[in-house]
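Colleague: Any chance you can model this:
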Amino acid sequence: MYCTKCGKEIPDVEGALYCPQCGIAQMTGGSRLGTPAKKTSVGLILVIVLVVGSIPVIGILAAIAIPQYHTYQVKGSNSIAAADIRNAKINCESYFASNQFYPDNLEQAGFKPAQDVTVSYERASDRKSYVMTFLHKKGDRVFAANSEKTEVFFRLKSETDDAYRPL
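Modeller: Got it, this is the predicted structure:
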């Protein structure tokens, strides 16, 4: 190794930090002036291989994860609508127990649907029965309930009204 200031040869002694001639601090790691250390070039190549090699893996994971995300989003939206219709049914039955007739609307029963949930509520003229349907904007199911049954029913958006089945 040679001194960076005076250019005199420094003996190859492990850990030589200073030039014995002028006393200036020197580069360490056994590298000569103007040549990079071997560890640096191997390390750089390893980093490049890891970065470039991980791009296809990230692409494959994204191809799997993005459709699954949509599926879980639809399931979550359906769950919100199903929970809402159960709560609305409980509110309507509670209102009926107190008043001996069903409310004119769900707000009167103290129920407010979640955001993005579309509600249809129809009460009979004698105020002794009702039918309601709930649908979340991002869901793929329509949920229905009435005063005659304790169950909640559902169908896919694409199916007809006679395709309701128990939840």
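Colleague: middle-most residue in the protein, spatially?
Modeller: Y69 (6.6 Å; CA atoms, centre = their mean).
Colleague: And that residue, how far from I45?
Modeller: 36 Å (CB to CB, to the nearest Å). C-beta: built from backbone N, CA, C; applies to glycine.
Colleague: Then F111?
Modeller: The separation that F111 has from I45, given CB to CB, amounts to 65 Å.
Colleague: re earlier: for my notes, confirm the residue nearest to the centre of the chain occurs in a strand.
Modeller: No - residue state for Y69 (DSSP: H, G, I helix; E, B strand; the rest coil) corresponds to helix; a strand is not indicated.
Colleague: so what does the strand or helix carrying V49 touch, helix or strand wise?
Modeller: Using DSSP states H and E, V49 sits within helix 38-99. Contact here means 3 or more CB pairs under 8 Å, 6 or more residues apart in numbering; DSSP states H and E; on that basis helix 38-99 packs against strand 117-123, strand 130-136, strand 141-146.
Colleague: confidence score at S77?
Modeller: Per-residue pLDDT puts S77 at 96.
Colleague: Do I have it right that it meets T118?
Modeller: No - contact criterion CB atoms under 8 Å: S77 and T118 do not qualify, at 11.6 Å.
Colleague: Look at those two and report which has more neighbours.
Modeller: Shown here are S77 and T118; by other CB atoms under 10 Å, S77 has more neighbours (20 against 13).
Colleague: Next one: that one from D140, what distance?
Modeller: Noted for S77: a distance of 8 Å to D140, by CB to CB.
Colleague: between the helix or strand bottoming out on mean pLDDT in the chain and strand 117-123, how many degrees?
Modeller: Within the chain, no helix or strand scores below helix 38-99, which has a mean of 88 by mean pLDDT, DSSP states H and E. Angle of helix 38-99 versus strand 117-123, following axes from the mean of the first three to the mean of the last three CA atoms, to 10 degrees, is 10 degrees.
Colleague: Figure out how far helix 38-99 is from the centre of its chain.
Modeller: Its chain's C-alpha centre and that of helix 38-99 lie 3 Å apart, by CA atoms, centre = their mean, to the nearest Å.
Colleague: Could you find the closest non-adjacent residue to the residue lying farthest from the centre of the chain?
Modeller: Each residue of the chain has a distance to the centre, and by CA atoms, centre = their mean the biggest one is for Q21: 64.7 Å. Distances taken as CB to CB, 6 or more residues apart in numbering place K8 nearest to Q21, at 4.5 Å, with adjacent residues excluded.
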